[in-house]
Structure formats: C-alpha cells, structure tokens
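Engineer: What would the 3D arrangement of this be:
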Amino acid sequence: MKSQIQHIIMGLLLTPGMIFSVHAEDPAKPPVEKPLYSQTQCEGTYPHHLQGLCVDGLGNIFWSFTTELVKTNSAGKVLVKIPVGNHHGDLCYHEGKVFVAVNFGDFNNPEGKADSWVYVYDAAKLLLIAKHQTPEVTFGAGGIACHAGKYIVVGGLPEGVNENYLYEYDSSFKFIKKHVLKSGYTLMGIQTAAYAENQWWFGCYGSKLLKADMNFNFTAKYDLDCALGIDQVNENMLLIGRNTKNDKRYTGEAVLAVPDAVKGFVIRK
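Structural biologist: I've put the predicted structure just below:
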C-alpha cells in the first residue's frame, strides 16, 4: 500500500484544463489533490504588453510586462512585483533564478544598434543578482530559454533577412556559438523560446511558431500565436501567454496547451 501511495505522489494527474500534483502528509490518509497550474489570469493591469512567462514547477508563474516583472501563484495572485528597465523581454526559470532577455538599444536595426543583456533575478523576491552583457545578439535580445546547461538567447531581425539566429551561452554566459535557423523571415525575429518534447519552440509575431530539433535544425513552422510566452509545465503540457488591452493597459493570461504534430500546439479549453 505504501509503495502504491509513493508511486502516486511521484506522478502528475491531469484533468481537462488543469494540472494536479498529489500530496499526502500522512501515509494513513488518502492522497490530496492540489492544483498546480491551470488557465490563469495575472492579477492587475500593466502599461505595456506581456513579453513572456515561465514557471518554477512549484506553482509559481513569472510574467514580464516590458517594464514590470511579476511573480504570482498558480491562481494569478501577485506575490512580488517590481519595476524594471524598458525593454525586459521573455524569461526563463532555472535553479532558483529567473533569467530575462533585456535590450536597451534599437531592435531590428540592420546596423546592429542593440544593447543586449541577460538580467538574473532571485526567484524568491525578484532581487536583481547579476547582469550579463550579450553583444552577440546584434538585433536586440528579446527571449531566452534554458536546457541541459545551455542558455539560448533570441531576438530581433531586420526586415528581409530570411533566417533567424539563436545565440548559445554556457552557465556563466560565456558565448559559445551562433546558430542559424533556416526558418525564413519572421516579423521582428523571435520573441519567445522554450525547450519541450525534446524540441526547441520559438514564438514569433505574426502568429508564427517555429520548431527545431535539439541540434537547432529547423523542422516546422505553424500558424499559431506563441509570441507572448511559452514554457513547459510537465511532459505533456505547456503554458502559453496571452494578453488583452483595455483603456491603454494590459492584462496577462496563461493558457494550457498540448503539443500536436499537425498544429504545433492545441489549446486546452
């Protein structure tokens, strides 16, 4: 009986529209289901649009609204909110830290007038703990993802350039390599990035989602809007960013999606 309970605790149970973790403090009592992630609206409104989101696997969501960085619980209640420099873009979580792609220069300028950085925040209180300059991101750092000890920074693209660029860094943000993604032109480059289902996913304006294999070989392009955030929440589910604008202010939302071979992702209703 005990081994059965332990097996359940180690798993994740899915119901339509919601992800559940299982927890039992007393082995003599039946397991208690606790909601981890579901379709969620971020509390509050913001002067700039959503740039990206990520999760820590503990029930928290991190949101970048260009000039405000926000941490909420899984229900969208704000736990921490701080003002940040314009332009804070897409972000990712790794080992207690939140990494944000930042550009203070000119996006998409063919002369390369960006001022690209990765800012690192402590995930508990969103305290800024490090800054890494990434001058290799010529057209402006706009997104970041982490997998297997490497960080991939993505960003802007001048009009007419028929490929995208992925900039690989090690854990100390030493530049390793520039990868060329044979994706064709996408509007203003790539906005968001994530690694899920043993693939790289890249969200672009114009409702285009790009997919590449683990070696950054381009494999597919879908008509799907993931430009405001993508992150994996478990082996079978992802969280996609959305926002709405009312009275010149924005509200952020996270929706659940499952990978689909034909459509890229399918949003869970």
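
Engineer: Show me where the protein has its helices.
Structural biologist: 2-9 (DSSP state H).

Engineer: Okay, the residue nearest to residue 166 when sequence neighbours are not counted and residue 236: tell me how far apart.
Structural biologist: Of all residues not flanking residue 166 in the chain, residue 179 sits nearest, at 4.1 Å (CB to CB, 6 or more residues apart in numbering). (Glycine included, C-beta is placed from N, CA and C.) From residue 179 across to residue 236, the span is 27 Å (CB to CB, to the nearest Å).

Engineer: same check, this time on residue 266
Structural biologist: From residue 266 to residue 236 the distance is 12 Å (CB to CB).

Engineer: residues in contact with the residue lying closest to residue 83 once chain neighbours are set aside?
Structural biologist: Among residues not flanking residue 83 along the chain, residue 68 sits closest, at 5.9 Å (CB to CB, 6+ apart). By CB atoms under 8 Å, 6 or more residues apart in numbering, the contact list for residue 68 reads 46, 47, 48, 81, 82, 83, 84.

Engineer: please redo it, this time with the cut-off set to 10 Å
Structural biologist: 44, 46, 47, 48, 81, 82, 83, 84, 86, 88 (CB atoms under 10 Å, 6 or more residues apart in numbering).

Engineer: quick one: which of these has the most company?
Structural biologist: Most neighbours among the contacts of residue 68, by other CB atoms under 10 Å: residue 88, with 26 neighbours.

Engineer: now that residue, which residues is it bridged with?
Structural biologist: Per DSSP bridges, the residues bridged to residue 88 are residue 66, residue 102.

Engineer: same deal with the one 4 residues further on?
Structural biologist: Here residue 92 sits in beta bridges with residue 99, as judged by DSSP bridges.

Engineer: circling back: now, the most widely separated pair of the contacts of residue 68?
Structural biologist: Pairwise distances across those peak at 18.0 Å for 44 and 86 (criterion: CB to CB).

Engineer: burial measure for the residue nearest to residue 166, as a count.
Structural biologist: Residues near residue 179, counting by other CB under 10 Å: 18.

Engineer: same check, this time on residue 96
Structural biologist: 9.

Engineer: Need phi/psi at residue 96.
Structural biologist: phi 80, psi 10 (degrees, to the nearest 10).

Engineer: wait, what's in contact with it?
Structural biologist: Per CB under 10 Å, 6+ apart, neighbours of residue 96: 56, 122, 123, 124.

Engineer: wouldn't the third one be in contact with residue 61 here?
Structural biologist: Translated: residue 123. No - here residue 123 does not reach residue 61: they are 11.2 Å apart, not a contact under CB atoms under 10 Å.

Engineer: Common neighbours of those two, please.
Structural biologist: Joint contacts of residue 123 and residue 61 (CB under 10 Å, 6+ apart) are 54, 71, 93.

Engineer: I am finished for the moment; much appreciated.
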